[in-house]
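Asks: Sequence below, structure please.
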Amino acid sequence: MDLDLRKLRYFLAVAEQRHFGRAAEQLYIAQPVLSRQIRAFEQEMSCALLERTTRSVELTAAGQQLYQEAHGILATVDAAVRRVHDLEQGVQRLVIAFSPGLRVSEAIRAFSAQHPGVETDVIPTRWWEQDKPLRDCRAQVGYLRRPFDDSDLRTIPIGHERRVACMPVTHPLASRRTLVTADLDSAPQLDAPRRRTATLEEKFELIAAGQGIALIPRSLAESYSRSDLVSLPVTDAPAVETCLAVHVERRDKLLRDFLDIATATLRESEAA
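Replies: As a prediction, the model looks like this:
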């Protein structure tokens, strides 16, 4: 089947709003039109994507899967269109993917100082598929944390960061200064195999609600600091390796220049 991108965008709006009226307002179309388009989309997909009641809209299992895929599909298409336009207009562009919490801005500034004519963009990665923007060509290079699938990728080690246990301020362990992994054995943890969250905001909201604690990189906890959460160092937890990553087939000079500059800049920043 041919995927109708317009209907996919309509579905994404309903999935995010969980309400046809609010989604229709966001899309600037009438609600009955949106409802018809979504039903037509479900027929084209040959599966139910939404469960409708008089008060709410929820995603089916198939709808949840499509919701997770939709952002990547649309972003890939948008990136392809932009590359076509860049080529037509003679624009040089470098797109850097980064794991949330990692700061690549200093490397971009150093690179831009030597390549002022190159436009740079950034893409935050989802923590369970950090390598995806490199594989679907939305980004040329990534500043990532291990673990991720590094097959067909060339990686350059940058440094390591410690991990902390993030928990509600009301948690029995929250008054401690440091922890060891054994302290966490009896505490429910939010992790990928047991409960994958679609966004970091969702993850931290669940932690604050008492649904579990999470062992996360320190820079991530610092980037999402909030008054109802506390993050404590776990002294014996393995450190997380950070690295630059590019597809093995990418060898253009502009990318090599960025890798050289970013490697020196980020390693210096890690050592500071």
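Asks: following the one helix or strand residue 106 maps to, which helix or strand shows up next?
Replies: Using DSSP states H and E, the element containing residue 106 is helix 105-114. Where DSSP H and E defines the elements, the next helix or strand beyond helix 105-114 is strand 119-124.
Asks: Can you list the strands that that following strand pairs with?
Replies: Using DSSP bridges, strand 119-124 pairs in its sheet with strand 93-98 (parallel).
Asks: residues making contact with the strand it pairs with?
Replies: 79, 82-83, 86, 104, 108, 111, 118-125, 130, 133-134, 138-144, 254-255, 258 (Cβ atoms under 8 Å, 6 or more residues apart in numbering). Just so you know, the C-beta spots here come from the backbone N, C-alpha and C atoms, and that holds for glycine as well.
Asks: ok, of those residues, which come out buried?
Replies: With burial judged by 16 or more other Cβ atoms under 10 Å, the buried subset of those is 79, 104, 108, 111, 120, 123, 125, 130, 133-134, 138-144, 258.
Asks: list the contacts for residue 59?
Replies: Contacts of residue 59 (Cβ under 8 Å, 6+ apart): 15, 49-51, 67.
Asks: Taking those residues together, which two end up most distant?
Replies: Spatially, the most separated pair among those is 51 and 67, at 13.1 Å (Cβ to Cβ).
Asks: Between the two, which is the more surrounded one?
Replies: residue 67 (17 against 11; other Cβ atoms under 10 Å).
Asks: for the closest residue to that one other than its chain neighbours, helix, strand, or coil?
Replies: Excluding its sequence neighbours, the residue lying closest to residue 67 (Cβ to Cβ, 6 or more residues apart in numbering) is residue 15, at 4.6 Å. With DSSP: H, G, I helix; E, B strand; the rest coil as the basis, residue 15 sits in helix.
Asks: count of residues packed around residue 15?
Replies: Residue 15: 21 neighbours (other Cβ under 10 Å).
Asks: Break this protein down into its domains, please.
Replies: 5-69, 92-158+241-271, 163-233 (automatic domain parsing).
Asks: What's the end-to-end length of the last one?
Replies: Meaning domain 163-233. The straight-line separation of the ends of domain 163-233 (Cα to Cα, to the nearest Å) is 6 Å.
Asks: and what of the longest one?
Replies: Terminal residues of domain 92-158+241-271 lie 32 Å apart, using Cα to Cα.
Asks: what mean pLDDT would you report for it?
Replies: The pLDDT scores in domain 92-158+241-271 average 91.
Asks: how distant is it from the center of its chain?
Replies: Mean C-alpha position of domain 92-158+241-271 versus that of the full chain (Cα atoms, centre = their mean, to the nearest Å) differs by 14 Å.
Asks: so what pLDDT did the nearest residue to residue 7 once chain neighbours are set aside get?
Replies: Once flanking residues are discounted, residue 7 sits nearest to residue 41: 4.0 Å by Cβ to Cβ, 6+ apart. Reported pLDDT at residue 41 in the predicted model: 86.
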